[in-house]
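Asker: pasting the structure only:
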């Protein structure tokens, strides 16, 4: 079997990198920081026009008709660029929320007791894991709040301090009312998910059978796409560290010639590439346990690489003017989103202990972590 990227996949990744370089360069990144993470609606529409959100919808539904492996490549590029906003939730809401596929609507997600990202700017809220959000059972796949229901939900929420200046957070009180007008039925959500994941089902039918189209499957996909963002961030901080080590002079030599710095850079690469292999493989199989392993590796690579990159940059890395700290803060936030390290370890341990009998829909995906960051 050939696990190398195809020419089309390479072109897709390259095209997204070029697009983000044009519409979200460093100046726009810093402008977003100055706006305290307020979303740029024109950027959101640019992403929609490029097919970022509609990538996995079938062509007859107005999408691109690709699958999870291609989505992972795009989210990896988004992670490299530190692209702000509830990208994962809006991508998953394509075909369910009007305007999400085109980038006309911003959709965030509420997952249990996790803080909600970009709630004040959202046009709809995707409810993932109905029971944790006050809805009965896991059958509440992809239910969305809009209109009066959304306004009531926002009114009941309170802003909380975010470690990432590009990701404003709100916390909804336990048992916040989410019923009433503006709520999309679970039947409609299941239908939209079936359309979105058709290409994925054809690629990995066994995985989609183990985790059918319900709230559990939605969360599994969110975990994988978040892991892809972490992978992109890990790769970018590795590149930044190597570049700085080659340019920064000390004692008449580049600091990259010093053995201690060489080891740091080598360790960063040694974390990034296994994470890449795990994320890409999980995108092909769609297996929830493999996705949990990919998230675990990608989280470690993103956080530790950002810390090492910060160290290689020395005192400059700790200043507000440098971008390194933004990667570290976003990596911390993503590591606490959708599936934590502890939850991933539990899934992997369960898979080792019950090989061949695990139903692949462990409740660890839905276990809330009150102190964790947003789930957008």
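Answerer: Alright, I've got the coordinates. Given the structure is predicted, the values throughout are model-derived calculations rather than measurements.

Asker: State the next helix or strand along the chain beyond the longest helix along the chain.
Answerer: Taking DSSP state H as the criterion, the chain has its longest helix at helix 215-247. Per DSSP states H and E, the first helix or strand lying C-terminal to helix 215-247 is strand 249-250.

Asker: For that next one, give the mean pLDDT please.
Answerer: Across strand 249-250, the average pLDDT comes to 79.

Asker: Let me see the ranges of the strands in the stretch 201-350 of the chain.
Answerer: Secondary structure of the stretch 201-350 of the chain (DSSP state E, counting those that start in this stretch): strands at 249-250, 253-254.

Asker: nearest to residue 349, of the ones you listed?
Answerer: Nearest of those to residue 349, taken as CB to CB: strand 253-254 at 44.1 Å. C-betas here are computed from N, CA, C, even on glycine.

Asker: So what touches that closest one?
Answerer: 245-248 (CB atoms under 8 Å, 6 or more residues apart in numbering).

Asker: got a list of what the most centrally placed residue in the chain touches?
Answerer: Residue closest to the mean C-alpha point of the chain, counted by CA atoms, centre = their mean, is residue 226 at 2.5 Å. By CB under 8 Å, 6+ apart, the contact list for residue 226 reads 75, 88, 295, 334, 337-339.

Asker: What is the nearest of those to residue 116?
Answerer: For these, the nearest to residue 116 is residue 337 (10.9 Å; CB to CB).

Asker: Count residues in the vicinity of the closest one, would you?
Answerer: 28 (other CB atoms under 10 Å).

Asker: where's it relative to residue 154, distance?
Answerer: 20 Å (CB to CB, to the nearest Å).

Asker: pLDDT on stretch 350-365, on average?
Answerer: Rounded mean pLDDT across stretch 350-365 is 58.

Asker: returning to that earlier point: so which of the strands of the stretch 201-350 of the chain comes closest to residue 59?
Answerer: Here strand 253-254 is closest among the strands of the stretch 201-350 of the chain (CB to CB), at 50.4 Å.

Asker: and that closest one, which strands flank it?
Answerer: On the basis of DSSP bridges, the sheet neighbours of strand 253-254 come out as strand 249-250 (antiparallel).

Asker: quick check, distance from the partner strand to the centre of its chain.
Answerer: 37 Å (CA atoms, centre = their mean, to the nearest Å).

Asker: need the helices for the stretch 51-200 of the chain, in chain order.
Answerer: 68-80, 87-93, 147-156, 186-196, 198-203 (DSSP state H, counting those that start in this stretch).

Asker: Where among the ones you listed is average confidence lowest?
Answerer: Among the helices of the stretch 51-200 of the chain, helix 186-196 scores lowest, with a mean of 51.

Asker: Identify, out of the strands of the stretch 201-350 of the chain, the most deeply packed stretch.
Answerer: strand 253-254 (a mean of 12; mean count of other CB atoms under 10 Å).

Asker: Now tabulate the strands of the stretch 201-350 of the chain in JSON lines and tack on distance to residue 70.
Answerer: Output for the strands of the stretch 201-350 of the chain, formatted as JSON lines (distance: least, CB to CB, whole Å):
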{"stretch": "strand 249-250", "distance to residue 70": "42"}
{"stretch": "strand 253-254", "distance to residue 70": "38"}
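
Asker: and of those strands, who's closest to residue 36?
Answerer: Nearest of the strands of the stretch 201-350 of the chain (CB to CB): strand 249-250, 36.3 Å.

Asker: buried set for the longest helix of the chain?
Answerer: Going by neighbour count (16 or more other CB atoms under 10 Å), the buried part of helix 215-247 is 215-238, 240-242, 244-245.
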